[in-house]
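**Q** Need coordinates for the following:
(one chain, ligands or ions: 2)
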Amino acid sequence: MLIAVYNLKGGVGKTTTVVNLAFASAQSGARTLIWDLDAQAAATYYLRLKPSLDKGSKGLFAKKKGAFKEVCSSEIHNLYAIPADYSLRKIDQHLKNQKGFASAVKPLSKAFDAVLFDCPPMAGAAIEDLLGVVDAVVVPLIPTTLSMRTFHQMKQKLAHPKTLPFFNLVDRRKRMHRDICEYARLNDEGFLETIIPSASDIEKMGLECAPLGVFASNSPLVRSYQLLWDEIVRAAF
Ligand SMILES: Nc1ncnc2c1ncn2[C@@H]1O[C@H](COP(=O)(O)OP(=O)(O)OP(=O)(O)O)[C@@H](O)[C@H]1O
Ligand SMILES: [Mg+2]
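**A** Ligands and ions are numbered 1, 2, ... in the order given. Here you go, the predicted structure:
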């Protein structure tokens, strides 16, 4: 199962979502891989891995198992990663004249039950190529008017049959957040039901360098990410 977490908008919680969903998947017993595609290497940082690719982003698409050779184990059981480094800023250029994601993911699909891609907040040839091979695109959204506007523009361009938006960073004290979540639930098909609130425990991931479940295993949010993951798995097939 190949899942991209993507939004053209920055700072909406893509990386946070990838890391916590991958933890939920790994905990359920599935061999899980995070492929960090963002030159910022934030998912790599959350997993305490070195932001370094042996052959740079060019090597990821080399003929003989390029991406597969970059797989590292994390400190978490069942959870692996292909780290990011700064060379990924040129991924569109590096993908030219090479076989793209369709070929790179083949050995990964055999070795892992779930592969989650942490996408950068940009559009381009690499993102388009990736979205052509994944089973679903999960889209974290903050419930604001501009965020919804970008989503509707992006949805038409993405045209992926399994585009799965959900609300993140929700503050129920804010009337606009409550109204937008309710409006989407009633009028916008395909929204996932699980809502992730804005929570200081989630922000602490940056200090702890770990998924929420590692340092706050009793938090109800760990269960929320598990429910979100279950919903995605059901919706992706
Ligand atoms: N539900 C949440 N509650 C509180 N803070 C959150 C939540 N989700 C994300 N954040 C915080 O918001 C910030 C942005 O999150 P994150 O890095 O996951 O977004 P992103 O979409 O991956 O950003 P970028 O577009 O730069 O890759 C981080 O500081 C993160 O800790
Ligand atoms: Mg990110």
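**Q** ok, which stretches of the protein are strands?
**A** Along the chain, the segments classed as strands by DSSP state E run 2-5, 32-36, 72-73, 79-82, 114-118, 136-141, 163-167.
**Q** so can I have a markdown table of those strands showing mean neighbour count and mean pLDDT?
**A** To be clear about C-beta, it is placed using only N, CA and C from the backbone, and glycine gets the same treatment. Converted to a markdown table, the strands of the chain look like this (neighbours: other C-beta atoms under 10 Å; pLDDT from 0 to 100):
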| stretch | mean neighbour count | mean pLDDT |
| --- | --- | --- |
| strand 2-5 | 25 | 98 |
| strand 32-36 | 29 | 98 |
| strand 72-73 | 13 | 96 |
| strand 79-82 | 24 | 98 |
| strand 114-118 | 27 | 98 |
| strand 136-141 | 25 | 97 |
| strand 163-167 | 21 | 96 |
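**Q** Now the ones you listed in TSV, please, with extra columns for distance to Ala216.
**A** Output for those, formatted as TSV (distance: least, C-beta to C-beta, whole Å):
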stretch	distance to Ala216
strand 2-5	21
strand 32-36	19
strand 72-73	23
strand 79-82	17
strand 114-118	20
strand 136-141	20
strand 163-167	20
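**Q** Which one, of these, ends up nearest to ligand 2?
**A** strand 114-118 (5.9 Å; C-beta to the ion).
**Q** Pull up the residues of the chain that are close to ligand 2.
**A** 14-15, 42 (C-beta under 5 Å from the ion).
**Q** re the thing from before, so which of the strands of the chain is nearest Gly213?
**A** Of all the strands of the chain, strand 79-82 sits nearest to Gly213, with 10.6 Å by C-beta to C-beta.
**Q** for the closest one, packing partners?
**A** helix 14-27, strand 32-36, strand 72-73 (3 or more C-beta pairs under 8 Å, 6 or more residues apart in numbering; DSSP states H and E).
**Q** now that strand: how far from the chain's centre is it?
**A** Centroid separation between strand 79-82 and its chain, computed with C-alpha atoms, centre = their mean, to the nearest Å, is 13 Å.
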